[in-house]
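> This is the structure alone, sequence omitted:
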């Protein structure tokens, strides 16, 4: 079985495309848990299956995403850019638009050449930033200036915290404590004003993956709520441990722009994936 590894700001994904394999791949939670394990597998934050579209569809690919723990994720802003890069590479394209059907509808990713043949710049309209499930629980385990939830197909809780304390918060404890409040889990973004106007600093706990270096949908949720709170304007640079993205807020929609990097092409024995 052929896969490729990509990352968006060190938020890394294994991508398997039906079009690169002789038979359609049967991906699922077991494969995700096995391949994403950083000690017994290849290691990644998630597994993306780029399935062939149904006959008559004008999509380039259908996106199915599993987190490292095998749970399904409806959307990933970094993951969809990585999938678009994988599809473009399989077609021999360095620039263009990749139409991707997802659990949250059609998303079109525009890619352009980056500084090297392994890196592209990708932009995707992730749609309307909707209301999330609400702030549940009587108390959060941290002090916040503002807190709210948002939805981009996947749920987010965004908390504005004291910038002097952001780096010292024990995210490995706070993240799962907040996620446990929600029956379906939730992504947790802690934010503070960034070093420049219209910028934010963000740390993230992702359901199904834990602490990651970046989160694309989380950056969009944070930018949207930060604008509501008067922290930023309509074009926001979001700084995360893995790097920075730009979020353009147009009406209620979020357009995410950032890099996608191809790391490696990988071929593994299917018997290994199937437990042989």
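Sure, I can see it. Note that the coordinates shown come from a computational prediction; the quantities given were computed from them, not determined experimentally.
> so where is the stretch 151-276 of the chain shaky, pLDDT-wise?
271-276 (pLDDT under 70).
> Let's see that with 50 instead.
Where the stretch 151-276 of the chain drops to pLDDT under 50, the residues are 276.
> Which stretches in this protein count as helices?
Taking DSSP state H, the helices of the chain run over residues 29-36, 77-90, 171-179, 216-228, 270-273.
> Residue 152 is nearest to which of these?
helix 216-228 (4.5 Å; C-beta to C-beta). For the C-beta atoms, the positions are set from N, CA and C on the backbone; glycine is no exception.
> returning to what we had before: let's have the helices of the chain in CSV, adding distance to residue 100 and mean neighbour count.
Output for these, formatted as CSV (distance: least, C-beta to C-beta, whole Å; neighbours: other C-beta atoms under 10 Å):
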stretch, distance to residue 100, mean neighbour count
helix 29-36, 19, 20
helix 77-90, 6, 27
helix 171-179, 27, 18
helix 216-228, 14, 28
helix 270-273, 24, 13
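> how about these, which one is nearest residue 260?
helix 77-90 (4.2 Å).
> circling back: let's have the helices of the chain in JSON lines, adding distance to residue 47.
Listed next are the helices of the chain as JSON lines, based on distance: least, C-beta to C-beta, whole Å:
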{"stretch": "helix 29-36", "distance to residue 47": "4"}
{"stretch": "helix 77-90", "distance to residue 47": "9"}
{"stretch": "helix 171-179", "distance to residue 47": "20"}
{"stretch": "helix 216-228", "distance to residue 47": "17"}
{"stretch": "helix 270-273", "distance to residue 47": "10"}
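> Mind checking those helices for the one nearest to residue 149?
Per C-beta to C-beta, nearest to residue 149 of the helices of the chain: helix 216-228, 8.3 Å.
> now residue 158, which residues is it bridged with?
residue 148, residue 189 (DSSP bridges).
> Confirm for me that it is in contact with residue 151.
No - Residue 158 lies out of contact with residue 151 (C-beta atoms under 8 Å); the separation is 11.4 Å.
> circling back to that earlier point, out of the helices of the chain, the one nearest residue 209 is which?
helix 29-36 (8.4 Å).
> count of neighbours near the nearest residue to residue 131 once chain neighbours are set aside?
Closest residue in space to residue 131, ignoring its immediate chain neighbours: residue 151 at 6.4 Å, by C-beta to C-beta, 6 or more residues apart in numbering. A total of 20 residues lie near residue 151 under the criterion other C-beta atoms under 10 Å.
> what's the answer for residue 132, then?
Applying other C-beta under 10 Å, we find 21 residues neighbouring residue 132.
> Which residues are in contact with it?
Contacts of residue 132 were listed using C-beta atoms under 8 Å, 6 or more residues apart in numbering, and they are 148-151, 155-157, 186, 221.
> Show me this protein divided up by domain.
What automatic domain parsing lists as the domains of the chain is 2-123+260-273, 130-251.
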